[in-house]
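*Asks:* The sequence and its predicted three-dimensional model are supplied below.
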Amino acid sequence: MIILGVDPGSHATGYGVISTGPVVRLLGGGVIRAGKNASLPERLLTIHSELVAVIDEFNPMAMAVEDLFNAKNARSSLILGHARGVILLAGSSAGLPVSEYAPREVKKALTGNGAATKEQVRFMVMRLLTLKKSPPLDMSDALAVALTHAGRSQFSGLA
């Protein structure tokens, strides 16, 4: 099963694609940078169009997206909600089943600690995927979401 994991952000959206099976392996990943000086509609268009291109390239069977967290202020939460909206639209428009995971759930699934740091999550992503180079934090967060989905799917008989 090919799973696309996404870590939403209005300026930097991480994505990671894994393949499950006898061995879980990395197929690709990166960070969509929407431009800090671009308007919100321009950033949303960039996120959506680049994510659609990722879906077209890797043809995943499922998408897993990190759910909202409590941002520092209401405006940040609202803008992040817009970014998540275009991400969910990209997956749904492609006919993918989309699952959402809370940040604490992802951290706990990978490290055993729901309050783990981003660096601890990245360390576990690197171990689980046997990566030699450290991926950017946004990409490792997205891979963590994909790995969480793979683990949940395995136990529910979907993988």
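*Replies:* Here it is on my side, so go on. Every value quoted in this text rests on a predicted model; they were computed, and no experiment measured them.

*Asks:* Can you tell me, leaving aside adjacent residues, what's nearest to residue 121?
*Replies:* Closest residue to residue 121 apart from its sequence neighbours, by C-beta to C-beta, 6 or more residues apart in numbering: residue 144 at 5.1 Å. Using the backbone N, CA and C atoms, a C-beta is placed for each residue, glycine as well.

*Asks:* Might you report the residue contacts of residue 51?
*Replies:* Contact analysis of residue 51 by C-beta atoms under 8 Å, 6 or more residues apart in numbering lists 6, 13, 15, 32, 86-87, 90-91.

*Asks:* Recalculate using a threshold of 10 Å.
*Replies:* Taking C-beta atoms under 10 Å, 6 or more residues apart in numbering as the contact definition, residue 51 lies against 4, 6, 8, 13, 15, 32, 63, 86-87, 89-91, 94.

*Asks:* Sort out which of the residues you listed are buried, if you could.
*Replies:* Among the contacts of residue 51, those scoring as buried are 4, 6, 8, 13, 15, 32, 63, 86-87, 90-91, 94 (criterion: 16 or more other C-beta atoms under 10 Å).

*Asks:* what's the helix or strand for residue 83?
*Replies:* According to DSSP states H and E, residue 83 maps onto helix 74-93.

*Asks:* shouldn't residue 19 be in contact with residue 147?
*Replies:* No - at 11.6 Å, residue 19 does not count as touching residue 147 under the criterion of C-beta atoms under 10 Å.
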